[in-house]
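In: Turn this into a structure:
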Amino acid sequence: MRRRTFLKSMLGTAAWLFAGGGRAHATPLIVATTVSRSGPYASFAEPIEQGLTLWAESADRSAAFAGHGVELRILDDASQPEQAQAAFDALLQAADAMIAPYGSRLTEAVLPLVEESGVPCVAPSAGSRDLWSEPRSWTVQLLNPVDTTFAGMLELVAGEGARSVALVYRDDGFSRLVMDGAERTAAALGMEVTARRRFTIEAEAAAALDGLTADVLLATGYRPDGAGFGFVEDALMLHTTLARRDPAFAWVNLGIGAAGRDFGEAAQPSPDRVFGTTGWRSYLPTPGNRDFVKRYTRQWGAPPDTHAAQAYAAGQLLAEAWRQVGRGSLAPSSAPSSAPPREAWRDALFGLDTETVFGRFAVDANGLQIAKQNAVIQWHDRQPEVLFPLRYRTAALPQSSARPIASPTRRSA
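Out: Numbers count the residues shown, from 1 in each chain. Next up, the predicted model:
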């Protein structure tokens with residue numbers, strides 16, 4: 001398809017959402033993005049759009065933009081980098097701010113366009129550290145890098161006396177990055193990695209778990225198109241496999257899949273004392289999260305997922321940065337804001353150290369997220385209790401969390 005024809009088609013399917021609430025407004029603030037209404041990321045499009053719509057309505061009611069209101073412009077990228085680029089090329093002509101598309105792959109495709117155009121942008125779901133290995137002048141990362149997934153768990157148990165860790169994971173790209181980061185974090189905390197084993201099928205997972213000795217076991221796996229965004233099935237399988245072996249670990253964390261209520265309900269035997277790690281869940285006591293979940297559920301008829309929370313939080317950051325700038329006017333939407341307002345908005349965005357429903361946000365000079373940490377939960381009576389970060393803690397780490405084992409490397413909990 002020729003570029004001109006493609007852009008015309010894309011614009012024809014745009015979602016133009018003005019959160020004006022029927023009030024008189026100055027020129028609205030235009031926030032633009034793409035979602036994947038088709039292709040492999042299609043299941044994430046609806047919650048992302050719903051999260052953004054809820055935020056835009058909230059921003060208008062709170063006068064976050066000094067009475068301007070928010071106009072969302074959303075195009076379909078069909079889960080394809082080339083279509084994301086073409087859509088962003090069109091949207092950037094009038095946008096005052098951008099929100100990057102889903103994931104690292106699509107975000108990488110549009111970053112050069114955003115940087116060239118000089119428009120403030122938040123990337124809600126790109127977890128690749130490499131995308132910010134070079135300086136970004138206009139784009140900040142909301143999601144903490146994938147390689148920090150287990151950092152909070154290791155920090156927590158190191159403070160309880162853990163000195164050794166074993167790593168077991170499915171041989172997929174995501175899990176490899178997670179365990180690369182875990183290995184680096186363990187070394188930085190002075191912990192010994194006693195084993196690093198991979199599996200591709202359940203039988204191999206059982207073998208990988210045999211004969212391990214360590215204070216801590218970190219185990220995870222990702223199955224594309226699987227339950228719980230691909231993580232729950234492996235968490236349940238690893239939990240069942242471990243239960244058959246009564247392994248010698250004081251602490252066991254089964255990753256992202258072990259943090260959801262679906263894991264707690266399905267796990268056999270009881271998941272009590274098992275840990276999970278998560279970037280966001282509806283039960284986390286992040287500032288404003290309870291209200292966000294309540295309003296989202298009331299408006300859309302189902303609870304939000306992590307993609308909705310990321311989208312909503314991206315909007316929160318744009319609003320907070322704009323509030324700090326304190327400017328009272330925008331140029332007409334046909335001629336985007338002049339350079340000084342954009343630069344001031346960008347500078348405020350890069351300088352934020354704040355909390356959103358998705359957790360803490362602060363970035364380095366390149367725009368890399370450096371403040372957010374995955375929450376660590378532990379199951380108590382089939383209920384998830386937050387143990388880390390301490391500001392979100394809903395329960396203390398119980399003395400009984402350390403299993404009565406005879407590991408030569410075990411330290412007291």
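In: can you pull up the bridge partners for residue 252?
Out: With DSSP bridges as the criterion, residue 252 is bridged to residue 217.
In: Now do the contacts for it.
Out: By Cβ atoms under 8 Å, 6 or more residues apart in numbering, the contact set of residue 252 is 216, 217, 219, 242, 273, 274, 275. Using the backbone N, CA and C atoms, a C-beta is placed for each residue, glycine as well.
In: Inside helices: which ones of these?
Out: Among these, DSSP state H puts residue 242 in helices.
In: among the contacts of residue 252, which two are most distant?
Out: 219 and 273 (14.6 Å; Cβ to Cβ).
In: Compare those two (neighbour count), which wins?
Out: residue 219 (30 against 16; other Cβ atoms under 10 Å).
In: for this structure, longest helix please?
Out: helix 306-325.
In: if you go through the stretch 201-350 of the chain in chain order, where are the strands?
Out: 216-220, 251-253, 275-278 (DSSP state E, counting those that start in this stretch).
In: measure residue 382 to residue 274 for me?
Out: 10 Å (Cβ to Cβ, to the nearest Å).
In: so where's the stretch 201-350 of the chain uncertain?
Out: 225-229, 246-247, 327-340 (pLDDT under 70).
In: Now with 80, please.
Out: 224-230, 246-248, 326-340 (pLDDT under 80).
In: Neighbour count: residue 382 and residue 274, which is higher?
Out: Set residue 382 next to residue 274 and count neighbours by other Cβ under 10 Å: residue 274 wins out with 23 against 13.
In: What are the structural domain limits within this protein?
Out: 3-144+286-361, 148-278+374-401 (automatic domain parsing).
In: CA atoms only for the host helix or strand of residue 185, dumped as PDB, please.
Out: Using DSSP states H and E, residue 185 sits in helix 173-188. Only the C-alpha atoms of helix 173-188 are listed here, as PDB (Å, rounded to 0.1, in the frame of the first residue of the first chain):
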ATOM      1  CA  GLY A 173      13.900 -14.400  25.700                       C
ATOM      2  CA  PHE A 174      12.000 -12.600  28.400                       C
ATOM      3  CA  SER A 175      13.100 -15.000  31.100                       C
ATOM      4  CA  ARG A 176      16.700 -14.900  30.000                       C
ATOM      5  CA  LEU A 177      16.700 -11.100  30.500                       C
ATOM      6  CA  VAL A 178      15.000 -11.500  33.900                       C
ATOM      7  CA  MET A 179      17.600 -13.900  35.100                       C
ATOM      8  CA  ASP A 180      20.600 -12.000  33.600                       C
ATOM      9  CA  GLY A 181      19.400  -9.100  35.800                       C
ATOM     10  CA  ALA A 182      18.900 -11.300  38.800                       C
ATOM     11  CA  GLU A 183      22.400 -12.700  38.500                       C
ATOM     12  CA  ARG A 184      23.800  -9.200  38.400                       C
ATOM     13  CA  THR A 185      21.800  -8.000  41.300                       C
ATOM     14  CA  ALA A 186      22.800 -11.100  43.400                       C
ATOM     15  CA  ALA A 187      26.400 -10.300  42.700                       C
ATOM     16  CA  ALA A 188      26.000  -6.700  43.700                       C
END
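In: sorry, back to before: return the distance of the longest helix of the chain from the chain's centre.
Out: Centre-to-centre, helix 306-325 and its host chain are 13 Å apart (Cα atoms, centre = their mean, to the nearest Å).
In: which helices and strands does the helix or strand following the helix holding residue 185 pack with?
Out: Toward the C-terminus, helix 173-188 is succeeded by strand 192-199 as the next helix or strand (DSSP H and E). In this structure, strand 192-199 packs against strand 164-170, helix 173-188, helix 202-209, with contacts taken as 3 or more Cβ pairs under 8 Å, 6 or more residues apart in numbering; DSSP states H and E.
In: Mind jotting down where the strands sit in the stretch 51-200 of the chain?
Out: Under DSSP E, counting those that start in this stretch, the stretch 51-200 of the chain gives strands at 70-76, 97-99, 121-123, 139-141, 164-170, 192-199.
In: list the buried ones in the fourth one?
Out: The neighbour-count criterion (16 or more other Cβ atoms under 10 Å) identifies 139, 140, 141 as the buried residues of strand 139-141.
In: tell me what that strand is packed against?
Out: Looks like strand 139-141 contacts helix 103-117, strand 121-123 (3+ Cβ pairs under 8 Å, 6+ apart).
In: of all these, which gets the most neighbours per residue?
Out: Greatest average neighbour count among the helices and strands packed on strand 139-141 goes to strand 121-123 (a mean of 30), per mean count of other Cβ atoms under 10 Å.
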